[in-house]
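> sharing a model prediction with you, sequence too.
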Amino acid sequence: MSTKHYIAGLVIILYLGLLGYLYSGIGREAAYPSKPITIVVHSKPGSAIDFMARKTAAIAKKYSKVPFVVENCPGTQGVVAMQHVIDSKADGYTMLGVTKSFLSTLIVNKSKVNLDDFRFIANMISDPEAIIASRKRNLLTLKDVIKDANSGKTQVWIGPGTGSRDHLMALTTWKTLGIDNVKWIDYKSGPQSVLAIMRNEAAIYVGNPADIKGKTGLNIIAIASKQRLPALPDVATFKEQGYNLDESMWRGFALKRGVPDEAVKYLTSVLQKVVNDKDWKLYCNETYVFSNFEDEAQFTRRIHREVKNTKHYLNKAGLLVEYVKKSRLPLSIVFLIITAGMFLLLLAINRFRIRFVEYSQWVAGGIMSVALFFFYQTTLFQIPDEINITSPALIPELWIVVLVVLCLMLIFTEMNKPETEQVSDIKTVWIVIALLFAYLVFMQWAGYYLTTPLFILAAMYVLKYRKTAFMITGSFGFVLFSYLVFNLLLHIDLPQGWWFI
């Protein structure tokens, strides 16, 4: 046997070993936990949720068999981090840091991520909302705020985000205090908002008590909690000033739904011990928050209760709008019309002689039909006038235009070529397309590792490649390379298939 056959044999052995490891549990430890537990945070280092996660990880070392590590996945107001956890295995080794702001994010963004995708295993703290003013304004009590709002001039309230928890707190406060001569201005971030209120650019800043730490020029008018903060004994609550308002930013942890109860029980136990630790109580006192542990049942009931209230105020803010209008025709009919039009165009270009249409023109026409169908869907996007954002159709439409131009160039370039026999080539193209479709379908069921080498081998055979040793090395070696890059280096789990879940 030649060297290439020995290499092919070695690749097969390694591939079978990988399948045994992935699907038979070889090399895995049965007991949980057996490796570090990752806490995924949706913001950059230094934020409140990041600080809480890192404090949790530091204290958990005293009570956990394995370390907790924090991974930051910022983007799209938390959706990136949530999707990252959903894409991970439901094995209890990936935990999501969650905040109350996630409720607004999921309701407004209407992403495919859903609250039902998670198990909310522990609420850790309650960070009360607060209304804050510059000392220059001389607004010391809620009565002062009401008097200023009724003085005739529009009272400006600021904070980070439109539709954020702070914005919703402002709406709730206006209703509670009975004031309407007010306006909300979004300052995009907490630090920008704090700087603006210190410069006396607005009457009220909506945030959290910790926002005044180290800033002598600010004054907390009221906090929305049932009791005063131990760290701020001189700051009165809304209730003490005659208004029943209790609004807090909770922060806790969640797991992907489907995680074994064994892992949930273990993590809940560790987190409860963290909350009872003296270092945790010191952290809460230093950051002006309440330690407020809730287990999975309590935490889940809280979330379901607050979703309804969040939707009410988001609707009042005009943020629950439909961003895609309904098509006049069913999308399936639109696609058929575009496809039929493209078919007629190809025939017209080739003088209505179907045998003159090159297979490359058919492919270009098919791609162009799909591109035009997507273009039609972008025309259905609608953005309310009051929301100042770039149309989401802009980038897709730019790419579609480029794609259509390239397809037209290919179609007209092939038009003037002499007639050639393309029957076998057309069959090959369609067979490869059929194989690709079957691969994408069966990969969902049988997984990447079983279907990928079979697809590569079949495609090589259809393309008349007959060097067996290289076929085996290329197909199975590619799967081993994929595992090395994605699983071991990038820590991205490739799908193992629904049959094996």
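That came in fine, so what should we check first?
> model confidence for the closest residue to residue 286 other than its chain neighbours, exactly?
Nearest non-adjacent residue to residue 286, counting by Cβ to Cβ, 6 or more residues apart in numbering: residue 231, 7.3 Å away. Just so you know, the C-beta spots here come from the backbone N, C-alpha and C atoms, and that holds for glycine as well. Looking at residue 231, its pLDDT reads 91.
> same question for residue 226.
So residue 226 comes in at 91 (pLDDT).
> pull the CA atoms of the longest strand anywhere in the chain into CSV?
Ranked by residue count and defined by DSSP state E, the top strand of the chain is strand 118-128. The C-alpha trace of strand 118-128 is given here as CSV (Å, rounded to 0.1, in the frame of the first residue of the first chain):
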residue,chain,number,x,y,z
PHE,A,118,-34.5,30.1,29.1
ARG,A,119,-34.9,28.9,32.6
PHE,A,120,-34.5,31.9,35.0
ILE,A,121,-32.8,30.1,37.9
ALA,A,122,-31.9,33.0,40.3
ASN,A,123,-32.5,36.7,40.8
MET,A,124,-29.6,38.1,42.8
ILE,A,125,-30.2,41.8,43.4
SER,A,126,-32.8,44.6,43.2
ASP,A,127,-31.4,48.0,42.0
PRO,A,128,-34.2,50.6,42.6
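> which strands border it, and is each parallel or antiparallel?
Using DSSP bridges, the strands paired with strand 118-128 are strand 248-256 (antiparallel), strand 290-294 (antiparallel).
> count of neighbours near the nearest residue to residue 375 once chain neighbours are set aside?
In space, and not counting its chain neighbours, residue 375 is closest to residue 400: 4.7 Å by Cβ to Cβ, 6+ apart. The tally of other residues near residue 400 (other Cβ atoms under 10 Å) stands at 20.
> name the element residue 400 belongs to?
Using DSSP states H and E, residue 400 sits in helix 394-415.
> what does that helix contact?
Applying Cβ atoms under 8 Å, 6 or more residues apart in numbering, the contact partners of helix 394-415 are 346, 349-350, 358, 360-361, 364-365, 367-368, 371-372, 374-375, 378.
> can you rerun that using 10 Å?
342, 345-346, 349-351, 356-379, 381, 391, 393 (Cβ atoms under 10 Å, 6 or more residues apart in numbering).
> now the strands for this structure?
Under DSSP E, the chain gives strands at 37-41, 68-72, 94-99, 118-128, 130-134, 155-159, 182-186, 204-207, 218-223, 248-256, 290-294.
> let's have those strands in TSV, adding distance to residue 437 and mean neighbour count.
Below are those laid out as TSV (distance: least, Cβ to Cβ, whole Å; neighbours: other Cβ atoms under 10 Å):
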stretch	distance to residue 437	mean neighbour count
strand 37-41	34	22
strand 68-72	36	18
strand 94-99	32	26
strand 118-128	33	24
strand 130-134	57	25
strand 155-159	50	23
strand 182-186	46	16
strand 204-207	52	28
strand 218-223	59	22
strand 248-256	29	23
strand 290-294	48	18
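> tell me which of the ones you listed approaches residue 479 most closely.
Distance to residue 479, taken as Cβ to Cβ, is lowest for strand 94-99 among the strands of the chain, at 24.1 Å.
> between that closest one and strand 248-256, how big is the angle?
Angle, strand 94-99 to strand 248-256, by axes from the mean of the first three to the mean of the last three Cα atoms, to 10 degrees: 160 degrees.
> I'd like to know which elements strand 94-99 is packed against.
strand 37-41, helix 48-60, strand 68-72, helix 79-87, strand 118-128, strand 248-256, helix 261-275 (3 or more Cβ pairs under 10 Å, 6 or more residues apart in numbering; DSSP states H and E).
> one step back: ok, which of the strands of the chain comes nearest residue 328?
Residue 328 lies closest, by Cβ to Cβ, to one member of the strands of the chain: strand 182-186, at 35.1 Å.
> distance check, the residue nearest the centre of the chain against residue 42.
Among the residues of the chain, the one closest to the centroid is residue 79, at 2.1 Å (Cα atoms, centre = their mean). With distances taken as Cβ to Cβ, to the nearest Å, residue 79 is found 8 Å from residue 42.
> quick one on the thing from earlier: so which of the strands paired with strand 118-128 is nearest residue 98?
strand 248-256 (4.8 Å).
> the residue nearest to the centre of the chain reaches residue 112, doesn't it?
Yes. Using Cβ atoms under 10 Å, residue 79 is in contact with residue 112, at 9.3 Å.
> got any residues that touch both of the two?
By Cβ under 10 Å, 6+ apart, residue 79 and residue 112 have no common neighbours.
> for the strands paired with strand 118-128, give me CSV that also has distance to residue 451 and mean pLDDT.
Formatted as CSV, these follow (distance: least, Cβ to Cβ, whole Å; pLDDT from 0 to 100):
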stretch, distance to residue 451, mean pLDDT
strand 248-256, 24, 94
strand 290-294, 43, 93
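> those strands: which one's closest to residue 84?
Using Cβ to Cβ, the strands paired with strand 118-128 put strand 248-256 closest to residue 84, at 10.1 Å.
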